[in-house]
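Undergrad: build me a model from this:
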Amino acid sequence: MSNPKSSSQPAQISQPAIPELVSDLRVDSRFTPVIATFLAEFPVLMDRVNVAAKQNDLPGIKTAAHKLKGASGSAGFARLFDLSAQVEDHATHNRLEAALPLIDDLDRICRLATPMAAPAINP
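TA: Coordinates of the predicted model:
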């Protein structure tokens, strides 16, 4: 039985059935490292948002959400970008109570993504 993948093919990202974790850039293998890097860094970025939220630190939430927004947007994760942008906007306008459910949504997505970070690239 032959292996349909040759070693000359570029690595591919495993794309889950979770809509929030499907990158718009997945169709272009040149972005594979960008997507993989984001998936590896997502838990760290999310932790910064969570720490700030637990401390009711609106400037900290704004900064952390802004970084998450930039990273997710650069990697083509439109839904994560949108959620992060909303969190950043709520933090900017001192609406902690509006930001918290969105932070919970981001955290849920991050927990789903965490197992994918290590095996994110299939040879």
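Undergrad: tell me the contacts of the nearest residue to Val51 once chain neighbours are set aside?
TA: Nearest residue to Val51 in three dimensions, chain neighbours excluded: Gly60, at 7.3 Å (Cβ to Cβ, 6 or more residues apart in numbering). Quick note: C-beta positions are derived from backbone N, CA and C, even for glycine. Contact analysis of Gly60 by Cβ atoms under 8 Å, 6 or more residues apart in numbering lists 48, 51-52.
Undergrad: same question for Ala85.
TA: 65, 69.
Undergrad: I'd like the distance between it and Arg48.
TA: For Ala85, the distance to Arg48 equals 16 Å [Cβ to Cβ, to the nearest Å].
Undergrad: same check on Glu41?
TA: In this structure, Glu41 and Arg48 are 11 Å apart, going by Cβ to Cβ.
Undergrad: before we move on, which element is the residue nearest to Val51 in?
TA: Taking DSSP states H and E as the definition, Gly60 sits inside helix 58-74.
Undergrad: can you give me the buried ones in that helix?
TA: Using 16 or more other Cβ atoms under 10 Å as the test for burial, helix 58-74 gives 58, 60-69, 71-73.
Undergrad: now do it: distance to the chain's middle.
TA: 11 Å (Cα atoms, centre = their mean, to the nearest Å).
Undergrad: tell me the mean pLDDT for it?
TA: The average pLDDT for helix 58-74 rounds to 97.
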